[in-house]
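In: Take a look and give me a structure for this.
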Amino acid sequence: MDLINFLSYGFIQRALIAGCFIAILCSTLGVFLVLRRFSLIGDGLAHVTFGSIALGLALHLSPIYVSIPVVMLCSLLILKLTERARLYGDAAIGIVSSVGIAGGTILASIGGGFNVDLFSYLFGNILAVSTTEVIISIALSAAVLVTISVFYHELFSVTFDEEFARTTGVNTERINTIFILATALTIVLATRVVGILLVSSLLILPAVTSLQIARGFKPAVIVSTVIGLIAVGAGIIISFTLNLPTGATIVMLNFIFFVVAFMYRRQRS
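Out: Residues are numbered from 1 along each chain as shown. This next block holds a predicted model:
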């Protein structure tokens, strides 16, 4: 099958458009997360997403409409637990994520009838994305990217030295709130691409790959974005051609890019 015929399929077009926007978002935000040593929040909020999707299916509502507010509220809870309850970040993430996965498991066992739909969210199914989901992905991805652009200098400052940023007049509490909400929204969107179980890899792998080869923060963001786009685009094409799971294929391509970048850095040094 040639590329023109391949791209003529509507579901492929929708998958590529939604996937590319989400890849740009995850790759950009992932650099901030990795440098802040906050990578585990991807797994934590993914578990919360599992619970919120189960809740949406139980209520016969679109899971994305339920997941967005629930996961954003839980991300704020993680932030407040870290700030007010004197907990380390990983402990706060562990508390919220364990409650999320437990709640989702209980709802799944009670509901029963929607277990098949819930399973599809665990491993992702971007080839089944609807036109409405594409529009939502584009709109929300654009909103988060614009927010990152507007607060770029504050986010940059807080990422490398939060105490110094606070002394220079940066409202670190507001910036942390914006950052955690953007992360929550990104994770909800990314679950459709690679699934709940693999969502953190879409945030982390392009970022750590770019940090192996890029010199400077902005080049790292650019390289991470390019890697994420290539992995998602190629992953969709390869998975459809070889009849492989799309989310897992995207993650494995990202991992291959990381190995290549790591070997290149070792050889160069």
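
In: Can you pull up the most central residue in this protein?
Out: Nearest to the mean C-alpha position of the chain, counting by C-alpha atoms, centre = their mean, stands I187 at 3.7 Å.

In: Which of the three states applies to that residue?
Out: Classification of I187 using DSSP: H, G, I helix; E, B strand; the rest coil returns helix.

In: and it, what is it in contact with?
Out: When contacts are counted by C-beta atoms under 8 Å, 6 or more residues apart in numbering, I187 touches G42, L45, A46, T49, V71, V199, L203. Placement of C-beta: from N, CA and C, glycine included.

In: That one and T167, how far apart?
Out: 31 Å (C-beta to C-beta, to the nearest Å).

In: if we can go back for a sec, secondary structure element holding the closest residue to the residue nearest to the centre of the chain other than its chain neighbours?
Out: Spatial nearest neighbour of I187, excluding adjacent residues (C-beta to C-beta, 6 or more residues apart in numbering): L45 at 4.6 Å. Assigned by DSSP states H and E, L45 falls within helix 41-58.

In: got it, and Q212?
Out: Using DSSP H and E, the element containing Q212 is helix 199-213.

In: Packing partners of that helix?
Out: helix 10-35, helix 41-58, helix 172-194, helix 217-242, helix 246-268 (3 or more C-beta pairs under 8 Å, 6 or more residues apart in numbering; DSSP states H and E).

In: Neighbours of the residue nearest to I187, how many?
Out: 32 (other C-beta atoms under 10 Å).

In: surely it meets L185?
Out: No. The pair L45 / L185 is not scored as a contact, 9.9 Å apart, by C-beta atoms under 8 Å.

In: Give me the distance between stretch 121-131 and the centre of its chain.
Out: Its chain's C-alpha centre and that of stretch 121-131 lie 14 Å apart, by C-alpha atoms, centre = their mean, to the nearest Å.

In: again with stretch 13-26
Out: 12 Å.

In: now stretch 189-207
Out: The answer for stretch 189-207 is 5 Å, by C-alpha atoms, centre = their mean.

In: so how far is the first residue of that stretch from its last?
Out: 18 Å (C-alpha to C-alpha, to the nearest Å).

In: Now do it, average pLDDT.
Out: When pLDDT is averaged over stretch 189-207, the result is 83.
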